[in-house]
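Undergrad: coords below, sequence missing:
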């Protein structure tokens, strides 16, 4: 055996020194002249830590040469795919992320960690990943998660899967069709009826068993009621009969529950708004899309700006109601109407998220015939009111059809006879939502605190209508009203929430809210069938927890009508931000690469590299000086939602990552993604493994595929 030992002296150097070819780097090599050459054809016998290619026992089953030959296909490997699809970039640690990492460690020889002082296979993993920078140079990969959630939804294309599906009449209403044949709601959406349950059990297909079944127990088979008595119909063909069609779950209903929901069905569906009848000179303003192609994807949010004509700008009017114009019921799910500033840019139709306007003033959702405002107030448009408005459309196209178009919109019913007060809408709720996989009850809360209402309200307001908003995992929801710490009442209290059948709670006697009152929003979610973590987001496969309170007078909340929190942080409650307010967070966005904290950290730390003494010192100094790094929730918001969106932010986080395991071990600091949780669960095991991973990071600072995996792990 030949042993090489090197001693170094760096007492005059203030930074860590690494191996490298430069004179500012270091090497530890020995050279021996020998003969005969043929007795040692491969003269290199150098180690990387304890690993030697000429000694297979040190490799622990992970051959770096084999890995090297296949490195260009790493992005297609199972380990890469599993981890990057299960983990968020620099994000919250998810159950499925930990599971994916543990599975990879158990299966991949190059990722196995060992607790003894013997060479770790993780070290070989380091050496293998270090080769990535030779093949990949693009560092701008961001992770996009696609979460699919099964839910009880209805879309008109299902009508094409049963005979005469678009011709089923409502038995108690002349010339009215039951569009959502499988649902309790005539228009579709929400809870299924018995036939709908049978249809779903058949895979949403017209089968012989479903045809011959008598779902409603009225003595007639489903096929007889839908015009296919011989059960021979197939999608696209002509049914045997198109007359005498009856609903397969609404005949001579023998079940009490059916009789109850049929009573609701048979109620008038006409829009009933006393204000339209009692108010003189009510006019109509139509806001609708031009005929626009619907994208071939499940969820689309489309926005369009509208401007009132010059004549309407000459005086003030009050909008006292709005009713929907539904052009394509196959895709139209809901619309939100916002009031905009006079200088808001005109655009649309264009895909969007929440749109550019903040004042929610109306809307429509599946199952609603219109929106009628309280007699004491209206939404002001015209000379001193809104001149520009925006409609956000939510289209659902689960079949991803390419031939759909839509020109839906809203009719605003307005009058020059303005009411005593202007109406507005206050939004409450939580912007940070994390629902674990297969959760039976995840509770999310948010308080619009007494500090917020004191800061926002310049006087008393009166709430006329309240509504809840969650998506398909929503289970139950409430909005509570407190004063001086005492519960006063529920604005809403839905024990059974359904996204497809929204409820509006109207108060004939408006509810008084005073400055200093507190409004608490509580959402319960269940995800028993969903294998992945669900986060807050605009898509129906994401979740929301928002409350909407219509109130007057609008000018008693002169600024933003939003009182939503991110975890415990509210912009209207400065102490909750712990110094990391919106203005302070801006510096982590614009010109961040010129800030002192960015320069100090990125110049002292190696991206995904060795944890150096100067890196730990720079991080500790930043934590002692930077308000957002000292605030627990503030730093989570910056780290999870602000920094990953920019190149500088990702480089900064990569620099922090080099010492996070070590700093956590020293002072329980938080880590990126899953390293904290895995450290806590594995204790010493992850420390060793993470150090090994950090060696990997030091070697491949600029790679995209490897960086993608490291961002996720």
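TA: Looks like it came in fine. Please read these numbers as outputs of a predicted model, since none were measured by experiment.
Undergrad: hang on, residue 520 packs against residue 479?
TA: Yes. Applying C-beta atoms under 8 Å as the test, residue 520 and residue 479 come out as touching, 7.3 Å apart. (Each C-beta comes from the backbone N, C-alpha and C, glycine too.)
Undergrad: the more surrounded of these two?
TA: For the pair residue 520 and residue 479, the greater number of neighbours falls to residue 479 (28 against 18), based on other C-beta atoms under 10 Å.
Undergrad: ends of stretch 467-475, what's the gap?
TA: One end of stretch 467-475 to the other measures 15 Å (C-alpha to C-alpha, to the nearest Å).
Undergrad: buried sites along that stretch?
TA: Within stretch 467-475, the residues that qualify as buried are 467-475, counting by 16 or more other C-beta atoms under 10 Å.
Undergrad: now stretch 288-296
TA: Using 16+ other C-beta under 10 Å as the test for burial, stretch 288-296 gives 288-289, 292, 294-295.
Undergrad: out of these, who's nearest residue 54?
TA: residue 295 (57.8 Å; C-beta to C-beta).
Undergrad: which helix or which strand is home to that closest one?
TA: Following DSSP states H and E, one finds residue 295 outside all helices and strands.
Undergrad: closest to residue 373 out of the buried residues of stretch 288-296?
TA: Closest to residue 373, out of all of the buried residues of stretch 288-296 and judged by C-beta to C-beta, is residue 288, at 20.5 Å.
Undergrad: which residues does that closest one form a beta bridge with?
TA: Beta-bridge partners of residue 288, counted by DSSP bridges, are residue 409.
Undergrad: thought it was touching residue 412?
TA: No. Using C-beta under 8 Å, residue 288 is not in contact with residue 412; the gap is 11.0 Å.
Undergrad: where do the helices sit along the stretch 401-550 of the chain?
TA: Using DSSP state H, counting those that start in this stretch, the helices of the stretch 401-550 of the chain run over residues 450-456.
Undergrad: and the strands in it, which stretches?
TA: 405-406, 409-415, 421-422, 424-430, 434-435, 442-448, 461-469, 474-483, 486-494, 504-513, 518-525, 534-535, 545-552 (DSSP state E, counting those that start in this stretch).
Undergrad: direction included, what does the first one pair against?
TA: The reference is to strand 405-406. Strand pairing (DSSP bridges) places strand 405-406 next to strand 292-293 (antiparallel).
Undergrad: residue 11: what secondary structure?
TA: Here residue 11 takes the coil state, with states given by DSSP: H, G, I helix; E, B strand; the rest coil.
Undergrad: can you get me a residue count around it?
TA: With other C-beta under 10 Å as criterion, residue 11 counts 4.
Undergrad: gap between the nearest residue to residue 502 once chain neighbours are set aside and residue 336?
TA: Closest residue in space to residue 502, ignoring its immediate chain neighbours: residue 365 at 4.6 Å, by C-beta to C-beta, 6 or more residues apart in numbering. For residue 365, the distance to residue 336 equals 9 Å [C-beta to C-beta, to the nearest Å].
Undergrad: can you put the buried residues of stretch 467-475 in CSV and add pLDDT and distance to residue 390?
TA: Shown next, in CSV, are the buried residues of stretch 467-475 (pLDDT from 0 to 100; distance: C-beta to C-beta, whole Å):
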residue, pLDDT, distance to residue 390
467, 91, 19
468, 93, 23
469, 90, 18
470, 92, 23
471, 88, 21
472, 85, 25
473, 93, 28
474, 94, 25
475, 93, 31
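Undergrad: between those residues, which sits nearest residue 227?
TA: Closest approach between the buried residues of stretch 467-475 and residue 227, by C-beta to C-beta: residue 472, at 32.4 Å.
Undergrad: residue 458 versus the closest one, what's the distance?
TA: For residue 472, the distance to residue 458 - C-beta to C-beta - is 38 Å.
Undergrad: next, the contact list for residue 633, please.
TA: Residue 633 is in contact with 566-569, 578, 580, counting by C-beta atoms under 8 Å, 6 or more residues apart in numbering.
Undergrad: residue 630 versus residue 624, what's the distance?
TA: Distance, residue 624 to residue 630, by C-beta to C-beta: 8 Å.
Undergrad: who does the nearest residue to residue 8 once chain neighbours are set aside form a beta bridge with?
TA: Leaving out its chain neighbours, the residue that sits closest to residue 8 by C-beta to C-beta, 6+ apart is residue 26, at 6.3 Å. Going by DSSP bridges, residue 26 is paired in beta bridges with residue 19.
Undergrad: just give me the neighbour total for residue 26.
TA: Other residues within reach of residue 26, judged by other C-beta under 10 Å, total 13.
Undergrad: may I see the buried residues of the longest helix belonging to the chain?
TA: Secondary structure of the chain per DSSP state H: the longest helix is helix 647-667. Residues of helix 647-667 classed as buried: 648-664 (neighbour count, 16+ other C-beta under 10 Å).
Undergrad: pull the number of nearby residues for residue 206.
TA: Residues lying near residue 206 (other C-beta under 10 Å) number 20.
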